[in-house]
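>>> any chance you can model this:
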Amino acid sequence: MFLLYQLMKSAASIFFNALNMLLADNLPPLSCACVIVEQQNRYLVIERSSGSIAFPGGFVRWREHPKHTACREGKEETGLQLRVGDMINCYSYTSDRFDQMSTTTLAYYAEVVGGELRGSMEGKPRWMSEDRLRTKLAHYDRDMLDDYLRYRSEH
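Numbers count the residues shown, from 1 in each chain. Presented below is the predicted three-dimensional model:
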């Protein structure tokens, strides 16, 4: 199931990037939203079949507010009902690969308010300590974690 998801995601990226080339690079990057959930000194993440780790999140749908995207994607990927709070920061990812899209991601703080942890075609949800998480996250997501920790210390 995950392989099919990855193939569809790569095909969509190739299509989007080809369309962007045809339009003389005038398409903006796609918007994404993700959540950072901390509970009992552990963080909610998605472990992909490739072994990579990421915060739950995904693409903003047409006419959807990014905060709603964060809530929807969090539930789709983890099975947990989340209450999405403040936006922590906005991140830009510029892809140099034709099978990946450049994105702008809005990261939100969220709390678990219900549901039951379960996986999805995107991966398995896991709770990880900050120490373990730091060794597994890509620099892009480590920046999100660092910004969340600053946010937490200020609030």
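
>>> can we go C-alpha only for contacts and neighbour counts from here?
Fine.

>>> show me what counts as buried in the strand or helix carrying residue 149.
Per DSSP states H and E, residue 149 falls inside helix 139-154. For helix 139-154, burial by neighbour count (16 or more other CA atoms under 10 Å) applies to 141-142, 144-145, 148.

>>> from those residues, which is closest to residue 65?
Nearest to residue 65 among the buried residues of helix 139-154 is residue 144, at 19.9 Å by CA to CA.

>>> can you redo the buried residues of helix 139-154 as a markdown table with distance to residue 98 and pLDDT?
Listed next are those as a markdown table, based on distance: CA to CA, whole Å; pLDDT from 0 to 100:
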| residue | distance to residue 98 | pLDDT |
| --- | --- | --- |
| 141 | 21 | 91 |
| 142 | 24 | 93 |
| 144 | 25 | 96 |
| 145 | 28 | 97 |
| 148 | 31 | 97 |
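
>>> ok, which pair from those residues is furthest apart?
The widest separation within these (CA to CA) is 10.5 Å, between 141 and 148.

>>> count of neighbours near the closest residue to residue 53 other than its chain neighbours?
Spatial nearest neighbour of residue 53, excluding adjacent residues (CA to CA, 6 or more residues apart in numbering): residue 47 at 4.7 Å. For residue 47, the count of nearby residues is 20 (other CA atoms under 10 Å).
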